[in-house]
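S.K.: fold the following and give me the result.
(3 chains)
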Amino acid sequence: MNPADRAALSKEIEAVLMVSPEPLSKERAAEVFGVHDEDFKAAIDELSSFYSSSDRGFYIQKVAEGYRFASRPEMSSVIEKFALSQTHPRLSSAVLETLAIIAYRQPISRAQISSIRGVNSDYVIKVLISRGYIESTGAEAGPGSPRYYTTTPAFLEKLGIFSLAELPKVEGFMPLPEVAEALEASLFDGSY
Amino acid sequence: MNPADRAALSKEIEAVLMVSPEPLSKERAAEVFGVHDEDFKAAIDELSSFYSSSDRGFYIQKVAEGYRFASRPEMSSVIEKFALSQTHPRLSSAVLETLAIIAYRQPISRAQISSIRGVNSDYVIKVLISRGYIESTGAEAGPGSPRYYTTTPAFLEKLGIFSLAELPKVEGFMPLPEVAEALEASLFDGSY
Amino acid sequence: MSFEVETDAYKGPIGLLLSLITAQKVDLWQLSVSELVNGYLAELECMRQLDLEIATEFLIVASTLIELKCRRLFPNSNPLEMDEDFAFFEERDLLIARLLEVKTYRDASTAFLDLMEAASKSTPRIGVLQEPYASLMPDLLAGVTRQRLANSLRRFVVLEPDGSVDVSHLPAHPVSISQAARTVVLRLIELHRCTFEELMDKADTRIEVVVGFLAVLELYRQSRILIEQESSLGKIVVQWIPTKFSTAELEDFLEESGFHLGED
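M.R.: Down below sits the predicted model:
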C-alpha cells in the first residue's frame, strides 16, 4: 500500500472510530474499508502509536472486540467529575422517551424503538439495561433475529407502582412500529 | 492561565469530549473543569483550530448546545458504508414547508400555520414534534388558548447552523414584484 | 411522481399549478375544482396505495382554490357598509399576500434541504462512558413520575381519528348557486320587488335558503339587483334592476356569470 493510500485509510479509520458506538473489529474494518487485514493492521498500529506518543487526552484502545477511542487512564479524575456532574439534559430526555416507548409498547425490538424515535437508540438502550430498568427477553430464534425489550420490576419500583396497569392512560395511540415505519416511508422521500 | 495549565485543560477537554454522550456545554465545562468561561473558550477554540488545520478524519463541531467531536464531511461516504442504517431520511416537502413557516415565524400557533398553508397541518406538526425539530412552548394561559411552536436546538443541528440568525434571510425568497403583479393580473383581470 | 391535473384550463403536474398561476399562464377562475377532484380520485384508483406526498400537495392546491373561489363568491362580511371597491381591493390583497407567502416559505424550505444535506455529511460522536465511570452517572430517572413518563410518550402518539365523517350539513339533493340564481331572477322579474322571505317561500330546506342567499349576494355584486335592510337582522328587501332580457339572453347571462362552483 503506497503512502498516500495509507494516509487516506488512516483518516477513514479515525472517522469511523469517532462515530462508532462499539469497538471496531478487524472483520468489520475489512468490510467497510475494503482492505486486507494486514493493511488495516498496519494502519491502525501506526495510528495507535501516533496517539500514544502525542500528548492528547485520548488514545486508541485495543479491547477483545476490536479498537476504539477512549480517554487516557490518567484522565480518570476529570472523567469521574464529568460522570458525576448532574446536567445530562439530552441524555435524560432520550432515556425517558425510550423508557416510555418500551413501557407502553413492550415487548419491542431495538429497530422498532429507533423507528418510533426517529434516531438510533442503541446507546440509550444500553444505559437503560445497565441501570436495570429494562431487559432483553425471549429466546432468540436464531442469529440475526431481533432482541425484544421489556421493563423490569426495578422499573415499577422506581415509579412506585405495582403493575404496568397503573401507568396513566395516554390518549390516542402510538402507531404500531410497522405502521410508524410505513407512515415514515411515505412521509419521507428516499430510502434508508 | 499559563501555558502548562492551558495544555492540561486541553487534554481534559479532549478526554471528556471523547466519552460524552451529548454536546459539552460551557456551563457543564465550568462545573467539570473548574475554570472560567473565557479560559474554556480559549482552550476549545485552540483545540478546534488544531483539529481543523491538521489532516484528521474528525473535527470539533460547535452546535447550539455546545461542542462535540464529529466525523469530517468529506468522510461521509465511508461513514455511510460503516452505518448503512444511519443515512438520514429526507423530509417530505410538506414537512419541510411547515418547518420553514415555523422557523421564520416562531412562535406561531397551529391555527396560524394551517392558515398560511391553507390546509390542516396537525399531522405534519406531530411528525416535526416527534422528530424533535419543534416544540410547543409557553404555559398555556388556560384551556382553549393556543399552543405556540418554536424550533429546537436539534433543528439547528439538523441544518448544521449555530443559531436562528444563520438561517437564510427569508426576504431572499420573496417573489419579485413582477411575480406579484402577474399573480394579481391573472387573479383579477377579465372575469369581472 | 406527482399527480397530473387534467382540466380544460390546465394540464400538468399539480405542483406546478400555483407557480403557473403566478406566471399568469392559467386563469384561476377557469379551473374547476370538481374536475380537479374527479381527476385526483381517478388517479388514486390507479395507485396501489395512498402516497401522502401527492395527497398533501393535492390538498394544498385544491383547498387554496376552493378558498379563493369561496372568497370571491362570498362578499365581505359587511358588504353594505363598505365601499364596494374598497372591499374588493382588500380581498384581492389578502389573496395575493397569502399566495405569495406560501410560495416564499416553500422556496425557503428548499434552502433548508440544502443545509440539511450538507449537515448530514458529518456524524457526531455519541461518547460512551465505560465502567467504572458509567455507574457513577447520576440516575437519569431521578424524580421521574408516572405522569412525566406518560407525557414524554405523548410526543410519539397520534390522536385517534374520529372514524366517522359528519355529513349532516350536506344537502340530500345538491342545489347549485346557478340554479338558485335562475330561480331568484325569474321570481324577481315577476315580482320586481319583494322581501327575501317571499323570494324563498318555495324553499324546503335550510340549504336551499343558504344557497339562495348566496345567489342574491352574487346578483347584488353584479349590480343586477338592489338590496335594502333597515336595521341589522331586519327584513331584507330585494329589488330587480330592470333590464331587457330575452330568455336566451338570460340563459347566457346565467351561463357567463361564473356560477360554476356548485356543479359543472
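S.K.: just for chain A, where's the confidence low?
M.R.: A:138-145, A:172-192 (pLDDT under 70).
S.K.: next: the stretch 151-264 of chain C.
M.R.: The stretch 151-264 of chain C contains residues with pLDDT under 70 at C:159-175, C:243-264.
S.K.: kindly report the same for the stretch 1-150 of chain C.
M.R.: In the predicted model, the stretch 1-150 of chain C carries pLDDT under 70 at residues C:1-33, C:36, C:40, C:43-44, C:47-61, C:64-65, C:67-96, C:98-99.
S.K.: for chain B, what's the nearest residue on it?
M.R.: In the stretch 1-150 of chain C, the residue that lies nearest chain B is C:Ala119 (2.8 Å; CB to the nearest CB). Every residue, glycine included, has its C-beta placed from N, CA and C.
S.K.: what's near enough to touch that residue?
M.R.: B:Glu157, B:Lys158, B:Leu159, B:Gly160, B:Ile161 (CB atoms under 8 Å, 6 or more residues apart in numbering or on different chains).
S.K.: partner residues bridging the nearest residue to the first one once chain neighbours are set aside?
M.R.: Pointing back at B:Glu157 there. The shortest distance from B:Glu157 to any residue other than its chain neighbours is 4.9 Å, reached at B:Val63 (CB to CB, 6 or more residues apart in numbering or on different chains). Note on B:Val63: beta-bridge partners by DSSP bridges are B:Gly66.
S.K.: buried ones in stretch A:71-87, by neighbour count?
M.R.: Within stretch A:71-87, the residues that qualify as buried are A:Ser71, A:Arg72, A:Met75, A:Val78, A:Ile79, A:Lys81, A:Phe82, A:Ala83, A:Ser85, counting by 16 or more other CB atoms under 10 Å in any protein chain shown.
S.K.: nearest to C:Arg154 among the residues you listed?
M.R.: Closest to C:Arg154 out of the buried residues of stretch A:71-87 is A:Ser85 (29.1 Å), distances taken as CB to CB.
S.K.: surely the closest one meets B:Phe33?
M.R.: No. Using CB atoms under 8 Å, A:Ser85 is not in contact with B:Phe33, being 10.3 Å away.
S.K.: quick one: common contacting residues for these two?
M.R.: Counting by CB under 8 Å, 6+ apart, no residue touches both A:Ser85 and B:Phe33.
S.K.: show me what from chain C comes close to chain A.
M.R.: When proximity is defined by CB under 8 Å from any CB of the partner chain, chain C lies next to chain A at C:49-53, C:123-126, C:128-130, C:133-141, C:144-150, C:152-160.
S.K.: could you redo the last one with a cut-off of 7 Å?
M.R.: Residues of chain C lying near chain A by CB under 7 Å from any CB of the partner chain: C:51-52, C:123, C:125-126, C:128-129, C:133-134, C:136-141, C:144, C:146-150, C:152-160.
S.K.: so which of those belong to helices?
M.R.: C:Leu52, C:Arg146, C:Gln147, C:Arg148, C:Leu149, C:Ala150, C:Ser152, C:Leu153, C:Arg154 (DSSP state H).
S.K.: now, of these, which are buried?
M.R.: Neighbour counting over these (16+ other CB under 10 Å) leaves C:Leu52, C:Leu149, C:Ala150, C:Ser152, C:Leu153, C:Arg154 as the buried ones.
S.K.: farthest pair in those?
M.R.: Spatially, the most separated pair among these is C:Leu52 and C:Leu149, at 30.3 Å (CB to CB).
S.K.: picking that back up, of the contacts of C:Ala119, which is the most crowded?
M.R.: The member of the contacts of C:Ala119 surrounded by the most neighbours (other CB atoms under 10 Å in any protein chain shown) is B:Leu159, with 26 neighbours in all.
S.K.: please give me every residue in contact with the nearest residue to A:Phe58 once chain neighbours are set aside.
M.R.: With sequence-adjacent residues excluded and distances taken as CB to CB, 6+ apart, A:Phe58 is closest to B:Met18, at 4.4 Å. B:Met18 is in contact with A:Gly57, A:Phe58, A:Phe69, A:Ala70, A:Ser71, B:Phe69, C:Gly127, counting by CB atoms under 7 Å, 6 or more residues apart in numbering or on different chains.
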